[in-house]
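Asker: Give me a model of this one.
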Amino acid sequence: MAVTVTAYPRRSTKLDDGAELWNWAGNATLARSSAVTSPATEDELRAAVTTGPGRVRLAGSRMSAGRMLKLAAEGDRLVDTSRLRGLLGTGPDSATFAGGTSLQEVYDVLTPMGRALPSSPGVIASQTLAGALATGTHGQGLSQGSLADAALSIRMVLADGSVQEFDRAHPSFPAAQLGLGVLGAVSAVTLRTVPSLVYSCHKDAVSADDLGTKLTSWNRENALSKAWWFPDENLVHVWTAQEAAPAEQLAYRAGGSALLERAETSDAMNRTIDRTLTNMRGDTQILDAAGKPYRTVNRFKDFSDVTGDVYQVFCRGIATPQINVEIAVPLHRVDEVVAVLKAWHARTNPHMHYPVILRCTGPSSAWLSPAFEQETCWFGFVVYYAEDGSLSEGGMDFLRAVEEVLADEGGRPHWGKYFEAPLYDWAARYPRWEDFRRVREQLDPQHRFANAFTDALFD
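Answerer: As a prediction, this is how the structure comes out:
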């Protein structure tokens, strides 16, 4: 499929003078600081939404691609919800948090209570709860969908300043679950909670032969699984997790419930990681050997099995400015899609400096979730920024080409990451696309919660 692509944005290395607000990656300005307001209560949020004639975009940790958040015109406002945070209440099997609460705070509150969310976490916990729902943040495990599927009710401030509660009985709830910030401003979310479990995670290095079949098996046979595929080496580093045995749980508790790492380690990934680090150093020119991009792969050297709760085991991402592309395909097609990628890789020999990240989830009930009503495998691709804010030409070429391959295979992109919108016929990819648009027209007929990017998507 031929498509006109946009350049991935360069990262700024200049000091922020305070006049403009940047996104987390530092590759896009979002608004002049004078156009940003930071409410700390729901009443302040209502005032922020209704004050002034312009349009409104919502931001939390600002981790999405800049186009998702950027203001469109003079007079528009960016509402920073990161001060709207904290636990608002608990029930026997639920907890309610303000929309701007970081995921890390959610986990830190629930863990001492012996509770957890019924959805495995994404790797980066600095996201806000509302932002994670709005963009479809997910973890891994076929028994769960995205974080939005843990929501029991979502409270929103609408464009007219009214407040509406969407619970699971509400006909528009599947739209509110993943709303891309175009339906309203989320002030609070009630999440289902479950008893916190202790997991033992086995780590291994295996051949990528029959990878599609192995991916399905790992996910069917284990509670949680995650893998990193190194195509150049035909090697996969895989984590598979099950509820820990009683003896393992006792050892974990005896250690103060800190992540327990086994004394036995494996060097099976060491040579592969050394080659990967060589590519990364050439691309990024980062001189610090302990720099964040290098730490993301160094953790695979001399690896060991671990025991801990789900957040200790899987929520271990290192927040590093990057271009991240993630495309979802139905799990039942993963074998043939992996075969297509292998053939493409052999034919083109693309430049890679990070492995392909593989996670699988169960179906989601959110209308705009890439995993809507189907078990899904997510293919993630990363290119880190160089010291001077540039991106390697080979890395950019790789991201553009691999997304095109997966788009041709019917893939759906992660909303909060980078993707080329012209590759996708949204109404054809999402069977409830028009239903979502109708809900948007009902809740925000003037399209107050919008910018140029959402205009292009929906209008």
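Asker: Where does the record place the domain boundaries for this structure?
Answerer: 87-195, 198-423 (automatic domain parsing).
Asker: how long is the first one end to end?
Answerer: Between the opening and closing residues of domain 87-195 lies a distance of 18 Å (Cα to Cα, to the nearest Å).
Asker: Surely residue 308 forms part of a strand?
Answerer: Yes. Judged by DSSP: H, G, I helix; E, B strand; the rest coil, residue 308 forms part of a strand.
Asker: can you count the residues close to the closest residue in space to residue 353 that isn't next to it in sequence?
Answerer: Leaving aside its sequence neighbours, residue 353 sits nearest to residue 279 (Cβ to Cβ, 6 or more residues apart in numbering; 4.1 Å). Any C-beta I mention is one placed from the backbone N, CA and C, and that applies to glycine too. By the measure other Cβ atoms under 10 Å, the count of residues near residue 279 is 18.
Asker: give me phi/psi at residue 279?
Answerer: Taking degrees, to the nearest 10, you get phi -60, psi -40 for the backbone angles of residue 279.
Asker: just the domains of the chain: most buried one?
Answerer: domain 87-195 (a mean of 21; mean count of other Cβ atoms under 10 Å).
Asker: Quick one: mean pLDDT over that one.
Answerer: For domain 87-195, mean pLDDT is 96.
Asker: starting at the chain centroid, how far to it?
Answerer: Its chain's C-alpha centre and that of domain 87-195 lie 14 Å apart, by Cα atoms, centre = their mean, to the nearest Å.
Asker: re earlier: so for the residue nearest to residue 353, what's the pLDDT?
Answerer: Predicted confidence (pLDDT) for residue 279: 91.
Asker: Contacts only, for it.
Answerer: Contact analysis of residue 279 by Cβ atoms under 8 Å, 6 or more residues apart in numbering lists 351-353.
Asker: Then residue 113?
Answerer: Taking Cβ under 8 Å, 6+ apart, we find residue 113 in contact with 90, 193.
Asker: Quick check: closest non-adjacent residue to the residue positioned nearest the centre of the chain.
Answerer: Taking Cα atoms, centre = their mean as the criterion, residue 137 is the residue nearest the geometric centre of the chain, at 3.9 Å. Residue nearest to residue 137 in three dimensions, not counting chain neighbours: residue 122, with 4.4 Å by Cβ to Cβ, 6+ apart.
Asker: Hmm, residue 315 and that neighbour touching each other?
Answerer: Yes. If you go by Cβ atoms under 8 Å, residue 122 and residue 315 touch, sitting 7.3 Å apart.
Asker: who's the nearest residue to residue 357 once chain neighbours are set aside bridged to?
Answerer: Leaving aside its sequence neighbours, residue 357 sits nearest to residue 380 (Cβ to Cβ, 6+ apart; 3.4 Å). For residue 380, the beta-bridge assignment (DSSP bridges) gives partners residue 326, residue 357.
Asker: residues in contact with residue 380?
Answerer: Counting by Cβ under 8 Å, 6+ apart, residue 380 touches 324-326, 356-359.
Asker: Tell me which residues touch the closest residue to residue 194 other than its chain neighbours, please.
Answerer: Using Cβ to Cβ, 6+ apart and skipping residues adjacent in sequence, the residue nearest residue 194 is residue 118, 4.9 Å away. The neighbours of residue 118, taking Cβ under 8 Å, 6+ apart as the test, are 144, 149-150, 192-194.
Asker: Return the member of those nearest to residue 44.
Answerer: Using Cβ to Cβ, residue 150 is the member of these that sits closest to residue 44, with 26.7 Å.
Asker: what's near enough to touch the closest one?
Answerer: With Cβ under 8 Å, 6+ apart, residue 150 has these contacts: 117-119, 144, 191-192.
Asker: Pull up the overlap in contacts between residue 122 and residue 315.
Answerer: residue 103.
Asker: Could you verify my assumption that residue 96 touches residue 190?
Answerer: Yes. Using Cβ under 8 Å, residue 96 is in contact with residue 190, at 4.4 Å.
Asker: Contacts only, for the closest residue to residue 430 other than its chain neighbours.
Answerer: Distances taken as Cβ to Cβ, 6+ apart place residue 368 nearest to residue 430, at 6.1 Å, with adjacent residues excluded. Contacts for residue 368 (Cβ under 8 Å, 6+ apart) come out as 136, 175, 178-180, 415, 430, 432-433, 436.
Asker: Make CSV from those residues and add distance to residue 85 to it.
Answerer: Below are those laid out as CSV (distance: Cβ to Cβ, whole Å):
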residue, distance to residue 85
136, 21
175, 24
178, 21
179, 19
180, 21
415, 23
430, 31
432, 31
433, 32
436, 28
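Asker: which one of those is nearest residue 453?
Answerer: Distances from residue 453 to the contacts of residue 368, taken by Cβ to Cβ, are shortest for residue 180, at 9.3 Å.
Asker: which phi and psi does that closest one have?
Answerer: Per-residue torsions, residue 180: phi 60, psi 20 (degrees, to the nearest 10).
Asker: Next up, the contacts around it.
Answerer: Residues in contact with residue 180 (Cβ under 8 Å, 6+ apart) are 68, 134-135, 368, 415, 454, 457.
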